[in-house]
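> model the following, please.
(chains A, B, C and D)
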2 protein chains.
Amino acid sequence: MATKKSYHHGDLRKKLLATALEIISEHGLEKVSMRGLGHRIGVSRTAPYRHFADKSALLCAIAEQGHQKLTAVLKKANQQLSDDPLTRLTNTGIGYVEFAVANPVHYRIMFGNEILENKRTSELVNAAETSFNELLYAVKACQEEKLIKPINPYIIANTLWSLTHGISMLLIDGQIQSANAFRGMPAMLQPGIEAGKIDVRKIFEYKSDILFTGLMADS
Amino acid sequence: MATKKSYHHGDLRKKLLATALEIISEHGLEKVSMRGLGHRIGVSRTAPYRHFADKSALLCAIAEQGHQKLTAVLKKANQQLSDDPLTRLTNTGIGYVEFAVANPVHYRIMFGNEILENKRTSELVNAAETSFNELLYAVKACQEEKLIKPINPYIIANTLWSLTHGISMLLIDGQIQSANAFRGMPAMLQPGIEAGKIDVRKIFEYKSDILFTGLMADS
DNA sequence: TTTTTAAAGTTGACCCCGTCAACATTGTGT
DNA sequence: ACACAATGTTGACGGGGTCAACTTTAAAAA
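Alright, predicted model coming up:
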């Protein structure tokens, strides 16, 4: 192990990110502070500024991390070539929601309002674009095999994103009254909600089915 | 007119809300502070606390206001009985997005992360439920006339909400890369984006059509 | 009308925060 | 061995949230 009490911490940057995540999941995002971070790590209050220009930069780094994780998840679904493209697309969506549920802290920072629009790091912007592209890729694959309509793939991807984001918000925080939103879903899903054992796959399939097959009544 | 320099302001509560909105649209949500509000209005720094228990309560009041406005908009669409239910439902969605675009400040507070989940006023929760119910109502009306599938209306409403929320986020802040998201939309929409004259109706119809008619290729 | 009470406003104080400036320590490359 | 850059440290400034205690005033009770 490295010497504990050396003047230099050794890997403060990584430690800062990790500790920030800890604090957020323990006490909420609003409790994260540059000073507090330094204090908790056992370093001076302004030490964090040697690694992040400002608080926003720190949050950007977390969001970036999240997008990288998300990209990995989506990519994994996309690379299951044994599945047909439509299944891959579906699994991409499911993977997305699962990621959100499994990493609510990251997710909230990635898509919340904490990071001001004009303070987004270029790294973050790139990471976000990369994850979106993974979804786009899945859509295009379906279109190449004529499995879904040849509408512009960007729009489809965005529509899908809206759907998954909506589900994710629902599951993560109860912004939309979750009681209402789930009322009437297949009975098998109901108890899971209370018990916290939500079957993301079922929910996603249930909802994406509406999108895929359309909402219009069969005349 | 009321005496200007009386000890009591007269209608500080209303003034606080209005001023908060001003500050937000001028300098952003993060610049709103209890102290600053008092200062700007010309009252002491803690005066706002006589009207709002804490900052969260103030934001809740703004969000509540927003939901009330939104409810009014949706209700208006719902009450155009000269339209058929499907048109009403569509107009409800359009109204929603238009509301978001016209009231980005309110919208961001209504659906952002600023208000901690556990600090939501019961008034806010009620107001949010009321606005959601308006959407639900439009869905049910369609189902009664068998215009859309008899799937559980809560889920449909939520799916629609996801869609409209996705569009709104897209239009309000560029969280999703708006460049990508609109790329390839009908040419007539493209220039409007740059020029800031977005045709919400067109965008909504274009996207909701995907939902209504389904994404599956016609085999 | 006088008195009491409660609502609305005020100042003071405490502690936390973000961030800049100036200074200290240490690992590294020449 | 030495100079430099990276990393950490303390001090200081200006805000902010919020509680407590006190004041003014409008409204209700007597």
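> rest of the way, CA atoms for contacts and neighbours
Noted.
> right, is stretch A:59-71 up against chain B?
No. Using CA under 8 Å from any CA of the partner chain, stretch A:59-71 stays clear of chain B, coming no nearer than 12.3 Å.
> residues touching that stretch, excluding its own?
A:17, A:96, A:99, A:106-107, A:109-110, A:115, A:120-121, A:123-124, A:127-128, A:130-131, A:134 (CA atoms under 8 Å, 6 or more residues apart in numbering or on different chains).
> buried stuff in it?
By neighbour count on 16 or more other CA atoms under 10 Å in any protein chain shown, the buried set for stretch A:59-71 is A:59-71.
> ok now stretch A:161-176, how far from the chain's centre?
Offset of stretch A:161-176 from its chain centre (CA atoms, centre = their mean, to the nearest Å): 11 Å.
> ok, which stretches of chain A are helices?
A:12-27, A:34-41, A:55-78, A:85-102, A:104-111, A:122-144, A:153-172, A:178-182, A:190-195, A:200-213 (DSSP state H).
> now those helices in CSV, with distance to A:Y49?
Below are those laid out as CSV (distance: least, CA to CA, whole Å):
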stretch, distance to A:Y49
helix A:12-27, 10
helix A:34-41, 8
helix A:55-78, 9
helix A:85-102, 29
helix A:104-111, 20
helix A:122-144, 18
helix A:153-172, 31
helix A:178-182, 40
helix A:190-195, 42
helix A:200-213, 39
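> least confident of those helices, on average?
Mean pLDDT per stretch puts helix A:190-195 lowest among the helices of chain A, at a mean of 39.
> up against DNA strand C, what does chain A have?
A:6-8, A:31-36, A:45-46, A:53-56 (CA under 7 Å from any atom of the strand).
> list only buried entries from the contacts of stretch A:59-71.
Applying 16+ other CA under 10 Å to these flags A:17, A:96, A:99, A:106-107, A:109-110, A:115, A:120-121, A:124, A:127-128, A:130-131, A:134 as buried.
> and A:K119, how many neighbours does it have?
Counted with other CA atoms under 10 Å in any protein chain shown, residues neighbouring A:K119 total 10.
> er, A:S122 actually
11.
> how close does it sit to B:L170?
Using CA to CA, to the nearest Å, A:S122 is found at 19 Å from B:L170.
> what's the answer for A:N78, then?
A:N78 is 25 Å from B:L170, by CA to CA.
> between the two, who's got more neighbours?
Neighbours were counted for A:N78 and for B:L170 using other CA under 10 Å; A:N78 has more, 23 against 20.
> so what's the more buried one closest to, chain neighbours aside?
A:R88 (5.5 Å; CA to CA, 6 or more residues apart in numbering or on different chains).
> please verify my assumption that that neighbour contacts A:V139.
No. Counting by CA atoms under 8 Å, A:R88 stays clear of A:V139, with 9.2 Å between them.
> who are the contact partners of A:G36?
A:R45.
> I misspoke; the intended subject was A:L37.
A:L16, A:T19, A:A20, A:R45, A:P48.
> repeat that for 10 Å
A:15-17, A:19-20, A:23, A:31, A:43-48 (CA atoms under 10 Å, 6 or more residues apart in numbering or on different chains).
> ok, the spatially closest residue to A:T46 that is not a sequence neighbour - contacts?
Spatial nearest neighbour of A:T46, excluding adjacent residues (CA to CA, 6+ apart): A:R35 at 6.4 Å. Counting by CA under 10 Å, 6+ apart, A:R35 touches A:V43, A:S44, A:R45, A:T46, A:A47, A:P48, A:Y49.
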